[in-house]
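**Q** could you look at this predicted model? Sequence included:
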Amino acid sequence: HRTRRAAPQPARAESPDMNVLFEERPSLHGFRIGIATLDAEKSLNALSLPMIETLAAKLDAWAEDAGIACVLLRGNGAKAFCAGGDVRKLVDACREQPGEVPALARRFFADEYRLDYRIHTYPKPFICWAHGYVMGGGMGLMQGAGIRIVTPSSRLAMPEIGIGLYPDVGASWFLARLPGRLGLFLGLSAEQMNARDALDLDLADRFLLDDQQDALLAGLVQMNWNESPQVQLHSLLRALEHEARGELPEAQLLPRRPRLDALLDQPDLASAWQALVALRDDADPLLARGAKTLAEGCPMTAHLVWQQIERARYLSLAEVFRLEYAMSLNCTRHPDFAEGVRARLIDRDNAPNWHWPQVESIPQAVIEAHFEPTWEGEHPLAGL
């Protein structure tokens, strides 16, 4: 999933990384539409550090450019908007310095979270076209957008339970704010949401067809950005969505909410783990799949999911990213992250040897240690 794309075509890109393309389309009255395209199709547009830094720099420039009326963020290829972060180099660095936080991790997570926060607080209309796989780091980009578009192909998930990380990129914020126990279920099960689920849970704003992107861009170019742009943009999106409505998939999560709320109404993570894992042979295939994923998942991650949802409930968005920065750096110090990535993405034997294999036997002090600073002085994300 996470290998870098080889030998992209150079002529179309402004970016030194060559895995992000930028275009400015002229609109009326001298305005322009900024289009940023993730262009690492072979890795399902997984985010590398150069991609993050290149995208951040361009978004900052566009924010300051009075001629840029609106920004669209999208991914190349039919399969994915963005399937997560390119974590292989990170794990290589973890293996070189076991028990320590690699310098690459400090930079990668700081830059990624600053980018995500920037999108959440962007001063102009920001549209994210989230087709296909939208996972992990892709969710971090999408959830900050002012207009989050999903399509019939959209599959949204936070799959970190399988690699020994935890749902980061602001997921503490959006999972904690989902109704009932659905955020906990999504974090523990890595279950994929379809477009209807994303709309139901306020993780998306509009449903368009996969082939309507050109029509959206044509509409943006034809808008008069001098006069009531919000009203015009709203009308454009409503008209396009009206054409798409018949293709909306059936809801998967809200109909199951009563059962999931009852199931996960537990006093602690170990009890919630046992309750969900017990459904591996359930008649409901979605719940059985989630139970199997959790049973094979990282027990340490499960504890972090429980903790992050508890802790983030009353935090600001900036505080959430500061919380996650500490968690992420501590995950790179502990062995489960490197082992999970090895098993799922590098050797692909799907047989991770978790350092703490029993969910009940992880010392509370080890869990708490994931929230401690790994730096001296001011928080590196104090400026958010």
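**A** It's in.

**Q** now do the contacts for the residue nearest to D200 when sequence neighbours are not counted.
**A** Excluding its sequence neighbours, the residue lying closest to D200 (CB to CB, 6 or more residues apart in numbering) is L254, at 4.9 Å. Bear in mind the C-beta positions are built from the backbone N, C-alpha and C, glycine included. By CB atoms under 8 Å, 6 or more residues apart in numbering, the contact set of L254 is D197, D200, L201.

**Q** can I assume the first one is in contact with E250?
**A** I take that to be D197. No - between D197 and E250 there is no contact under CB atoms under 8 Å: 9.5 Å.

**Q** neighbour count for those two, which is higher?
**A** Between D197 and E250, counting by other CB atoms under 10 Å, D197 is the more crowded of the two (24 against 8).

**Q** what residues of the helix or strand where that one lies count as buried?
**A** Element membership of D197, judged by DSSP states H and E, is helix 195-200. Across helix 195-200, burial judged by 16 or more other CB atoms under 10 Å covers A195, R196, D197, A198, L199, D200.

**Q** one more: stretch 103-114?
**A** Applying a neighbour-count criterion of 16+ other CB under 10 Å, the buried positions in stretch 103-114 are L104, A105, R106, F108, F109, A110, D111, E112, Y113, R114.

**Q** export these to TSV and tack on secondary structure?
**A** Compiled in TSV, the buried residues of stretch 103-114 are given as follows (DSSP: H, G, I helix; E, B strand; the rest coil):
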residue	secondary structure
L104	helix
A105	helix
R106	helix
F108	helix
F109	helix
A110	helix
D111	helix
E112	helix
Y113	helix
R114	helix
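
**Q** what's the burial count for Q230?
**A** 8.

**Q** correction: the previous question concerned D210.
**A** 15.

**Q** so what's it up against?
**A** So D210 contacts A78, H131, T151, P152, S153 (CB under 8 Å, 6+ apart).

**Q** farthest pair in those residues?
**A** The largest separation in these, counting by CB to CB, is between A78 and P152 at 11.8 Å.

**Q** which one's more surrounded, those two?
**A** P152 (17 against 10).

**Q** confirm that the more buried one sits in a strand.
**A** No - with three-state DSSP as the criterion, P152 is coil rather than part of a strand.

**Q** how close does the nearest residue to it once chain neighbours are set aside sit to Y133?
**A** Counting by CB to CB, 6+ apart, the nearest residue to P152 once its immediate chain neighbours are dropped is E247, at 5.2 Å. Counting by CB to CB, to the nearest Å, the gap between E247 and Y133 amounts to 18 Å.

**Q** neighbour count winner among these two?
**A** Set side by side, E247 and Y133 show more neighbours around Y133, with 26 against 13, by other CB under 10 Å.

**Q** please, which helix or strand holds the more buried one?
**A** Here Y133 is assigned to strand 133-135, by DSSP H and E.

**Q** could you count how many residues lie near I33?
**A** Neighbour number of I33 under other CB under 10 Å is 21.

**Q** and if you look at A56?
**A** By other CB under 10 Å, neighbour count at A56 equals 17.
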